[in-house]
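> model the structure of this input:
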Amino acid sequence: MYDVPQLKETITITDGTVECPVRGCTTSVERARGKEPLRQPKFLCEPHGIYVSSSTFEYADEWDNLLWRDESDRQLMGAIKTTKRESRLARDNSEDALTWNVFRYLEKSGRLGSIVDAELENAQPAFWSFSQSVGGVVPALQRARAEFGEAASRGSEPDVIIEAPGRMIWIEAKLGSSNETLPSNPADNKKYLTGGDGWFGKAFVSEYGTVALDAKRYELMRLWLLGSWAAAQDGSEFFLINMTRQESPESSFASHIAKLANAHFVTASWEQFYRWLENQPRTTESDRLLKHLREKSAGYRNGRLEPAFATLGAG
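Coordinates of the predicted model:
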């Protein structure tokens with residue numbers, strides 16, 4: 001894994017080439033343009049096994065970007081990919097890889113409840129909608145998608161769902177991207193307004209167009225709508241947790257949602273998680289994760305390296 005200490009502070013970018021970002025490497029590759037697929041031989045730095053662009057790089061082997069990679073991890077990831085729509089685990093600035101590294105650690109260490117500051121018995125995490133207990137999409141999510149008219153191939157997909165007796169926790173993780181999202185077809189609101197016996201009117205104080213189009217919070221809108229409804233069906237307490245960098249907290253979505261008795265929208269940062277973990281009893285695994293977060297890269301901007309979490313400091 002190449003993190004900040006292994007990467008050049010600046011890379012040379014020309015009209016036609018990009019320098020490999022690994023310290024000491026003299027290789028340059030062709031410069032990728034627009035949405036050109038990166039996994040091509042002309043973009044590969046063979047000595048370091050990475051495909052290089054002007055803003056990021058991608059590991060030839062996605063497992064080089066993941067901390068937890070034993071046989072059980074590999075089997076689980078293979079199963080996850082039967083339902084996961086996109087796989088961006090290999091990118092240096094991948095939100096998916098960060099999500100796996102943090103929440104797989106919490107699962108393995110029995111600390112999933114820490115995300116809501118509670119003890120959770122028999123907590124089960126589902127990464128990208130895949131339930132380990134049923135071997136497919138989380139049933140509550142599947143029912144909610146159907147209730148609100150979402151196609152299975154384009155349905156809402158929290159990064160992590162944690163289910164425990166009496167609680168349902170949905171997590172939307174961000175790293176470099178923002179919460180600004182719009183529907184691909186603004187005229188098609190599925191059954192968001194009518195599903196769940198008009199649940200939208202109970203879950204929001206703003207109109208659909210205000211939240212989804214004007215505020216550009218389409219993705220968060222869907223997760224709050226489906227998740228709060230799904231949890232209400234069995235009387236569970238619902239949490240929608242938006243994980244971002246501390247420099248870009250979500251500031252507007254809460255103003256659009258209704259105050260439901262048993263549902264909560266929570267903003268949190270990866271840096272907050274780091275500080276929490278730093279104060280827990282230390283293990284080899286927790287030290288490894290802390291080091292990764294301190295040293296993690298978020299790619300390059302105008303040829304200059306950006307640490308993912310600058311306030312933590314590489315070391």
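> switch to C-alpha atoms for all contacts and neighbour counts from now on
OK.
> which other residues reach stretch 190-198?
147-150, 199-201, 208, 222, 225, 229 (Cα atoms under 8 Å, 6 or more residues apart in numbering).
> next, the buried residues of stretch 86-96.
Across stretch 86-96, burial judged by 16 or more other Cα atoms under 10 Å covers 89-96.
> any idea how far it is from the chain center?
9 Å (Cα atoms, centre = their mean, to the nearest Å).
> keeping just the C-alphas, turn it into CSV.
Extracted C-alpha coordinates of stretch 86-96, given in CSV (Å, rounded to 0.1, in the frame of the first residue of the first chain):
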residue,chain,number,x,y,z
GLU,A,86,-19.8,-0.8,-8.8
SER,A,87,-16.4,-1.7,-7.5
ARG,A,88,-13.9,1.1,-6.9
LEU,A,89,-11.8,-0.6,-4.3
ALA,A,90,-8.6,-0.3,-6.2
ARG,A,91,-8.4,3.5,-6.4
ASP,A,92,-6.1,5.4,-4.0
ASN,A,93,-8.9,7.8,-3.2
SER,A,94,-11.6,5.2,-3.0
GLU,A,95,-14.4,5.8,-0.5
ASP,A,96,-15.2,2.1,-0.7
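> which residues are in contact with it?
Contacts for stretch 86-96 (Cα under 8 Å, 6+ apart): 56-66, 81, 97, 159, 173-176, 297-299.
> can you select the buried ones from those in PyMOL?
Entered in PyMOL, the line below selects the buried ones among the contacts of stretch 86-96, by 16+ other Cα under 10 Å:
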select buried, resi 56+57+58+59+60+62+63+64+65+66+97+159+173+174+175+297+298+299
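> which of the contacts of stretch 86-96 fall within strands?
In strands, defined here by DSSP state E, the members of those are 57-59, 173, 297-299.
> quick check, nearest of the buried residues of stretch 86-96 to E119?
D96 (25.5 Å; Cα to Cα).
> and that closest one, how far from A203?
According to Cα to Cα, to the nearest Å, D96 and A203 sit 28 Å apart.
> which two among the contacts of stretch 190-198 are spaced furthest apart?
E150 and G201 (18.4 Å).
> pretty sure E306 contacts K296?
No - counting by Cα atoms under 8 Å, E306 does not reach K296; the two are 9.1 Å apart.
> so these two - more neighbours on which side?
Per other Cα atoms under 10 Å, whichever of E306 and K296 has more neighbours is K296, with 25 against 18.
> count of neighbours near the nearest residue to N179 once chain neighbours are set aside?
Once flanking residues are discounted, N179 sits nearest to R217: 6.3 Å by Cα to Cα, 6 or more residues apart in numbering. Per other Cα under 10 Å, the neighbour tally for R217 reads 22.
> list the contacts for R217?
With contact taken as Cα under 8 Å, 6+ apart, R217 is in contact with 179-182, 211, 253.
> just put the residues you listed in TSV and tack on secondary structure and pLDDT.
Listed next are these as TSV, based on DSSP: H, G, I helix; E, B strand; the rest coil; pLDDT from 0 to 100:
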residue	secondary structure	pLDDT
N179	coil	96
E180	coil	96
T181	strand	97
L182	coil	97
V211	helix	98
F253	helix	98
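> picking up where we left off before, can you list the contacts of stretch 190-198 in JSON lines and add neighbour count?
Shown next, in JSON lines, are the contacts of stretch 190-198 (neighbours: other Cα atoms under 10 Å):
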{"residue": "E147", "neighbour count": "19"}
{"residue": "F148", "neighbour count": "24"}
{"residue": "G149", "neighbour count": "15"}
{"residue": "E150", "neighbour count": "17"}
{"residue": "W199", "neighbour count": "17"}
{"residue": "F200", "neighbour count": "27"}
{"residue": "G201", "neighbour count": "17"}
{"residue": "Y208", "neighbour count": "19"}
{"residue": "R222", "neighbour count": "20"}
{"residue": "L225", "neighbour count": "23"}
{"residue": "W229", "neighbour count": "26"}
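> closest one of the residues you listed to D287?
Once Cα to Cα is applied, the member of these that ends up nearest D287 is R222, at 35.9 Å.
> residue contacts, that closest one?
Residues counted as contacts of R222 (Cα under 8 Å, 6+ apart) are 156, 192.
> quick one: buried residues of the host helix or strand of it?
Assessed by DSSP states H and E, R222 sits inside helix 218-233. Residues of helix 218-233 classed as buried: 218-231 (neighbour count, 16+ other Cα under 10 Å).
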